[in-house]
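[1] here is the input, now give the coordinates:
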Amino acid sequence: MPSVLMTGANRGLGFGLMKLYAAEGWRVFACCRDPAKAKELNVVAAASGGKVTVHPLDVEQHASVDALAKALVGQPIDVLLNVAGYYGPKIVTEPGGLQAFGESDYVDWARIYKVNVMGPMKVCESFVENVAASVQKKIINISSIVGSIGTIGHGYGGNMYGYRATKAALNAITRGMAEDLKARGITVIAMHPGWVRTEMGGPSADIDAQTSVTGMKKVIDGLKPADIDAFHAYDGSTLPW
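    A predicted model of the protein is given here:
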C-alpha cells in the first residue's frame, strides 16, 4: 500500500489532496496544527478503516516535526507533500492584502518565512529517510507562480513582497534539494497549484480547489526523475524559475 504524508491536510488544497489519496486507498498521514479542531478531516479518518490517521504537526514548531518523525521511524513514505503555507494576515482582495511596496510588515515577514521556507525544509530533512525507504520516493513542495522570477513583467507585476520572496526561496531550496537527493533516487519538485478559491486564495481566484488538486495529483502520479529540472504547474505545464 503506497503512503503519503502531507502538512496542512485539514483545509484548502491539503484537504482536497488528502481526500483524493484516501479515495484511492493510500495510507495517509494527515497532519495539521490542531487535530482536535479538524472536524472534517477527522470524519474522513474515522471512515477510512485506519488508512487515514490524523497527526499534530506545526511546521513553525520544529519540536513538533521532530516528534512526529520519531513516531514514524521506519515507516516508508512514498509521497511527502508540503502543503501548509501562510500568505500573511490578509488575503489579496482585502485592503492592504497586496503587501505593496512601502507597506512591508517585517514582523509578519518573519512568520511568512518561518512557515513557507524553514517549515518545508525542516519537514524534508526530518522525513527524508522515510521517503528513501519507499517505492515512489517523491517530495513535492507547494509553491506559487509569484515565486517565479521569470514571470515578473511578463503578465505578472510586483506586490506580494513577503509572500513572493518566500516562494522564490522555496523554489531555490527545492531545486537544490533535488540535486542533493537524486543520487538516492528521490525526485523533488516545486509545484504551482494555480490561483485557487480557498481561504488563502480568496473568492476571486481563477479555479476551484477540485480542479487544482486533481491536476496536481495527476502531475505527481506521473513524475519521473528527469522532472526535477522544471517548476511544475497543476495543469501539467511548466513555469520559468
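[2] please name the residues that touch the nearest residue to Ser144 once chain neighbours are set aside.
    Excluding its sequence neighbours, the residue lying closest to Ser144 (CB to CB, 6 or more residues apart in numbering) is Lys167, at 4.4 Å. Where you see a C-beta, it was placed from the backbone N, CA and C, and this is true even at glycine. Residues near Lys167 by CB atoms under 8 Å, 6 or more residues apart in numbering: Asn116, Ser143, Ser144, Val146, Gly147.
[3] what's the most distant pair in the residues you listed?
    Greatest spatial distance among the contacts of Lys167 (CB to CB): Asn116 and Val146, at 11.4 Å.
[4] would you verify that Gly150 is located in a helix?
    Yes: counting by DSSP: H, G, I helix; E, B strand; the rest coil, Gly150 is located in a helix.
[5] can you pull the contacts of it?
    Contacts of Gly150 by CB under 8 Å, 6+ apart are Leu239, Pro240, Trp241.
[6] likewise Ser212?
    Applying CB under 8 Å, 6+ apart to Ser212 gives the contacts Leu13, Gly16, Pro193, Gly194, Val196, Tyr234.
[7] out of the contacts of Gly150, which are buried?
    Leu239, Trp241 (16 or more other CB atoms under 10 Å).
[8] adding pLDDT, write the contacts of Gly150 out as CSV.
    CSV is the format used below for those (pLDDT from 0 to 100):
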residue, pLDDT
Leu239, 97
Pro240, 97
Trp241, 96
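[9] now the contacts of Gly150 in JSON lines, with secondary structure and distance to Asp34?
    Below are those laid out as JSON lines (DSSP: H, G, I helix; E, B strand; the rest coil; distance: CB to CB, whole Å):
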{"residue": "Leu239", "secondary structure": "strand", "distance to Asp34": "33"}
{"residue": "Pro240", "secondary structure": "coil", "distance to Asp34": "38"}
{"residue": "Trp241", "secondary structure": "coil", "distance to Asp34": "35"}
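[10] mind giving me a markdown table with the contacts of Gly150 and columns for distance to Tyr86?
    As requested, the contacts of Gly150 are arranged in a markdown table below (distance: CB to CB, whole Å):
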| residue | distance to Tyr86 |
| --- | --- |
| Leu239 | 21 |
| Pro240 | 25 |
| Trp241 | 22 |
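[11] ok, the contacts of Gly150 vs Cys32, which is closest?
    Relative to Cys32, the closest of the contacts of Gly150 is Leu239; by CB to CB it sits at 28.2 Å.
[12] what's the longest helix in this protein?
    Scanning the chain for the helix with the most residues, using DSSP state H, yields helix 161-181.
[13] tell me how far that one lies from the chain's centre.
    Between the centre of helix 161-181 and the centre of its chain there are 12 Å (CA atoms, centre = their mean, to the nearest Å).
[14] give me the mean pLDDT for the helix or strand following it.
    Downstream of helix 161-181, the next assigned helix or strand under DSSP states H and E is strand 187-192. On average, the pLDDT along strand 187-192 is 98.
[15] got the angle for the helix or strand just after strand 187-192 vs strand 187-192?
    Remark: after strand 187-192, the chain's next helix or strand is helix 209-221, criterion DSSP H and E. Put simply, helix 209-221 runs at 160 degrees to strand 187-192, going by axes from the mean of the first three to the mean of the last three CA atoms, to 10 degrees.
[16] which residues of the chain fall in strands?
    All strands of the chain, identified by DSSP state E, fall at 3-6, 27-32, 52-56, 79-82, 138-142, 187-192, 231-233, 238-239.
[17] okay, those strands in a markdown table with distance to Ile112 next?
    Below are the strands of the chain laid out as a markdown table (distance: least, CB to CB, whole Å):
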| stretch | distance to Ile112 |
| --- | --- |
| strand 3-6 | 20 |
| strand 27-32 | 19 |
| strand 52-56 | 22 |
| strand 79-82 | 15 |
| strand 138-142 | 14 |
| strand 187-192 | 17 |
| strand 231-233 | 20 |
| strand 238-239 | 21 |
